[in-house]
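Enquirer: just a sequence and a predicted model for now, questions to come.
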Amino acid sequence: MKFAKKVSILFLYLLTVSSSTISEEQEISDLNTSRTKSEHSRLPLKELRAFTQVFEQIRQGYIEKVEDQQLLQNAITGMLLELDPHSAYLSKQEYMNLQENTSGHYGGLGIEISAEDGLIKVIAPIDNSPAERMGIRAGDLIVEINGSSVRGLALPRAIEQLRGEKGSSIDLSVFRDGEDELLKFNIIRDKIYTSAVESRFLRPGFAYIRISQFQKDSGEDFVETLKKLKGESSNNLKLLGLILDLRNNPGGLVPAAVQVADALLDNRTIVYTEGRMVSANVSFNSNPGDLIPQIPIVVLINGGSASASEIVAGALQDHRRAVIVGTQSFGKGSVQTVLPLGDGRAVKLTTARYFTPKGRSIQAQGIEPDIIIPKVNSQIPIQKERLRESDLEGHLAVQQQLDKASAIELEDLNNDNQLKEALNILRGSRLFRTSGSET
């Protein structure tokens, strides 16, 4: 039967596909090295026969005509969909979307999503994206897109529907924990240019670096930013402490995360991965030298910190290089590899689990902060101060240089209790170290 032979050849091709790949999260050069010939030959012929019979029944009896190519594509999609929330078949457009996402330039809403219980879960909105500006939050469940239910919708299809040309609009119905009714959002898509690394000084000597996601150049950008801050400490003071903000960072490329951790660790294990194939078992170690040795570090995380973010936080926590502050992270401890199939299509396949240096699996557990500080959503009120000498007209001028923070920095600290506490922890650790050195 020609059709059965055609389907068998298709499945053989999928099982033996070459893997000179690019990866969403990790480059693994050859996924076939650990497979034996006997493994390739163990095809479930009974199930293949059932597949061809079902396929033929659909072709002959389904109420509407469906092209053979579409039926086969649906079968591949379903095969991967049932594995885990992150494995997926990628059409040409979806593969292009993935490549655009890791480059940091695409048209859409600016959210990282995953599949959960047949719905679409928001891992995190990207900083200053249309989604964030309209109030989409980490943990939201997207129930409908433009009035159509997303239940059973494959993740790549959802991504394709959420993206679009700048200026086009989209309607989302969202379930949010604690809300009695679905929340409705009309969001105007925009061109997403994600500047993944941002920095400034919160106080003289106390630096703040925000990484919104781990893109191709994020590791290099972080290293350059850290060197710049180290050389430009405010008010001619040396660098006294660093806050690394990974909140709502949905992850991205493992090499970028490894490069960030490498800059802060001295010849230590960063992360290791384990999978069924020999090439999926990899250990990543930092090079000798810490760019800011003995400088205290606080890392901020929350439920939107996932995957590559958890690699960085886990490594710094295990080696006691940083104090982890905030709330429990997302808990994505798996690595996906993208396998090109030819003709612009690809398969994104979960190939390994990753573990922190102490052997902790983060999968479905996340990173537990050293200091748990829930986010206070309401603005922290700025207290009215009493009249002071500096408020009096004609007061004597101050002779020493004042510790002045910009209006933006003050607003950030007043509106962000986690960031404010992180700064207090850094300043407190500095105070204790200074006090101890004098006794």
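Expert: Received it, and whenever you're ready, just let me know what you need.

Enquirer: where do the helices sit along the stretch 151-300 of the chain?
Expert: Using DSSP state H, counting those that start in this stretch, the helices of the stretch 151-300 of the chain run over residues 155-162, 218-231, 254-264.

Enquirer: show me how far the longest one is from its chain's centre.
Expert: Taking the mean of its C-alpha atoms, helix 218-231 sits 20 Å from the chain's own mean (Cα atoms, centre = their mean, to the nearest Å).

Enquirer: mind giving me the packing neighbours of the strand of greatest length in the chain?
Expert: Determined from DSSP state E, the single longest strand within the chain is strand 345-355. Judged by 3 or more Cβ pairs under 8 Å, 6 or more residues apart in numbering; DSSP states H and E, the packing partners of strand 345-355 are helix 68-81, strand 88-90, helix 92-103, strand 269-274, strand 334-342. In this view, the C-beta of every residue, glycine as well, is placed from N, C-alpha and C.

Enquirer: quick one: list the elements packing against the helix or strand just after it.
Expert: Next in sequence after strand 345-355, counting helices and strands by DSSP states H and E, comes strand 371-372. Counting contacts by 3+ Cβ pairs under 8 Å, 6+ apart, strand 371-372 packs against strand 323-326.

Enquirer: would you list the strands that the strand it packs on pairs with, along with their directions?
Expert: Within its sheet, strand 323-326 is paired with strand 297-301 (parallel), strand 371-372 (parallel), according to DSSP bridges.

Enquirer: now do it: everything it contacts.
Expert: 247, 296-302, 305, 313, 316-317, 367-373, 375, 418, 421-422, 425, 429 (Cβ atoms under 8 Å, 6 or more residues apart in numbering).

Enquirer: for the residue nearest to Ala138 when sequence neighbours are not counted, give its distance to Asn249.
Expert: Nearest in space to Ala138, with sequence neighbours left out and distances taken as Cβ to Cβ, 6 or more residues apart in numbering, is Gly304 at 3.2 Å. To Asn249, Gly304 is 7 Å away according to Cβ to Cβ, to the nearest Å.

Enquirer: can you tell me which of the helices of the stretch 151-300 of the chain is packed in deepest?
Expert: Comparing the helices of the stretch 151-300 of the chain by mean neighbour count (mean count of other Cβ atoms under 10 Å), helix 254-264 comes out on top with a mean of 25.

Enquirer: can you list residues touching both of Gly304 and Asn249?
Expert: In contact with both Gly304 and Asn249: Ala124, using Cβ under 8 Å, 6+ apart.

Enquirer: those two - which one has more neighbours?
Expert: Asn249 (34 against 22; other Cβ atoms under 10 Å).

Enquirer: so what's the more buried one closest to, chain neighbours aside?
Expert: Ser309 (4.2 Å).

Enquirer: repeat for Asp177
Expert: Here the residue nearest Asp177, using Cβ to Cβ, 6+ apart, is Gly139, at 6.6 Å.
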